[in-house]
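Asker: here's a sequence, model it:
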Amino acid sequence: MNETTDAFDGLDAASGLDLLRSGEITVEGRLTSASNATLYCTVSDGARSAACVYKPVAGERPLWDFPDGTLAGREVSAFAVSEALGWAIVPPTVHRDGPFGEGMVQLWVHGDTTVDLVALSRETDNADLRHMAVFDAVINNSDRKIGHLLPTPGGHLYGCDHGVSFAEDYKLRTVLWQWRGQPLTDDALTALESLRDQLKDPASALSDVLGRHLTEPEVYAVRNRVDLLVQHRIHPYPAPDWPSVPWPPV
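Answerer: Next up is the predicted model:
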């Protein structure tokens with residue numbers, strides 16, 4: 001992986017995660033384009049400081065197809081799956097109290113603004129992008145837009161906005177369909193097999209996080225999706241009765 005400190009105000013991912021857990025959050029502004037309350041903040045402990053995104057549960061709009069749990073909890077669950085796969089797709093993310101109550105807090109990614117995101121989303125030989133497609137299949141991401149791709153100057157690729165994921169029914173909706181039906185790579189299968197083992201272990205850190213933030217049927221659905229990916233060894237196809245691409249796609 002090309003994960004570097006350039007994305008997080010000079011912090012590495014481990015230090016950034018520690019800061020998110022213990023630092024004081026100061027709201028700097030609101031991202032008005034988001035459908036739910038999304039606040040741009042600074043998190044600091046005196047010695048360290050970094051930009052972050054804070055999504056309080058109190059600012060979530062009810063969704064008919066995600067009636068249980070919270071979107072913030074799904075964001076934290078996505079981070080846990082990302083870490084379990086070993087791909088660092090989701091920026092460091094925690095669930096904690098903040099100025100407007102409990103919610104999700106995630107390090108802000110300082111992306112590479114020179115990258116053409118539309119062209120990036122169509123690449124077929126980008127290993128990090130292909131990992132993201134597998135990750136989205138695991139979490140059943142129903143909203144992988146082009147604007148959710150966050151390439152960094154150091155070459156690592158992050159993704160954001162995973163609140164509408166982990167539905168029980170198959171709802172994969174993404175701009176990354178270029179590998180549909182193609183065999184999974186060997187490294188993807190190895191990561192998925194490891195993920196399957198962690199999901200089967202009730203004492204694993206992954207099982208603990210998912211158990212706290214998802215319903216039991218949703219956790220079962222994650223296990224089932226991973227089992228199917230390992231069994232069939234191919235990237236999934238779009239659902240015939242569900243929109244395959246989010247709107248707008250950017």
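
Asker: ramachandran angles for residue 28?
Answerer: phi -100, psi -30 (degrees, to the nearest 10).

Asker: which residues does the nearest residue to it once chain neighbours are set aside form beta bridges with?
Answerer: Nearest residue to residue 28, sequence neighbours excluded (CB to CB, 6 or more residues apart in numbering): residue 40, at 5.2 Å. (Each C-beta comes from the backbone N, C-alpha and C, glycine too.) Listed by DSSP bridges, the beta-bridge partners for residue 40 are residue 29, residue 53.

Asker: does residue 184 really touch residue 192, like I thought?
Answerer: Yes - counting by CB atoms under 8 Å, residue 184 does reach residue 192; the two are 7.4 Å apart.

Asker: mutual contacts of the two, please.
Answerer: Shared contacts of residue 184 and residue 192 (CB atoms under 8 Å, 6 or more residues apart in numbering): 134, 229.

Asker: which residues of the chain fall in helices?
Answerer: Under the criterion DSSP state H, helices of the chain are mapped to 13-22, 71-85, 117-121, 127-139, 186-200, 205-213, 216-232.

Asker: returning to that earlier point: roughly how far apart are the residue nearest to residue 28 and residue 210?
Answerer: 28 Å (CB to CB, to the nearest Å).

Asker: ok, back up a step: of all the helices of the chain, which lies closest to residue 146?
Answerer: helix 117-121 (4.7 Å; CB to CB).

Asker: measure residue 162 to residue 36 for me?
Answerer: From residue 162 to residue 36 the distance is 13 Å (CB to CB).

Asker: the more surrounded of these two?
Answerer: Set residue 162 next to residue 36 and count neighbours by other CB atoms under 10 Å: residue 162 wins out with 29 against 18.

Asker: now the more buried one, nearest residue through space, not along the chain?
Answerer: residue 78 (3.6 Å).

Asker: so that neighbour makes contact with residue 164?
Answerer: No - with contacts counted by CB under 8 Å, residue 78 stays clear of residue 164, the gap being 10.3 Å.

Asker: common neighbours of the two, please.
Answerer: residue 141.

Asker: who has more neighbours, these two?
Answerer: Neighbour count, other CB under 10 Å: between residue 78 and residue 164, residue 78 has more, with 29 against 21.

Asker: for the more buried one, give me its contacts.
Answerer: 90, 93, 139, 141, 162, 165-166 are the contacts of residue 78 under CB under 8 Å, 6+ apart.

Asker: now tabulate these in CSV and tack on distance to residue 23.
Answerer: Output for the contacts of residue 78, formatted as CSV (distance: CB to CB, whole Å):
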residue, distance to residue 23
90, 19
93, 14
139, 27
141, 28
162, 22
165, 26
166, 28
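
Asker: kindly reformat those as a markdown table containing pLDDT and distance to residue 66.
Answerer: Shown next, in a markdown table, are these (pLDDT from 0 to 100; distance: CB to CB, whole Å):
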| residue | pLDDT | distance to residue 66 |
| --- | --- | --- |
| 90 | 98 | 18 |
| 93 | 98 | 18 |
| 139 | 98 | 13 |
| 141 | 98 | 13 |
| 162 | 98 | 12 |
| 165 | 98 | 9 |
| 166 | 98 | 8 |
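
Asker: for residue 153, state which of those residues is nearest.
Answerer: residue 90 (18.8 Å).
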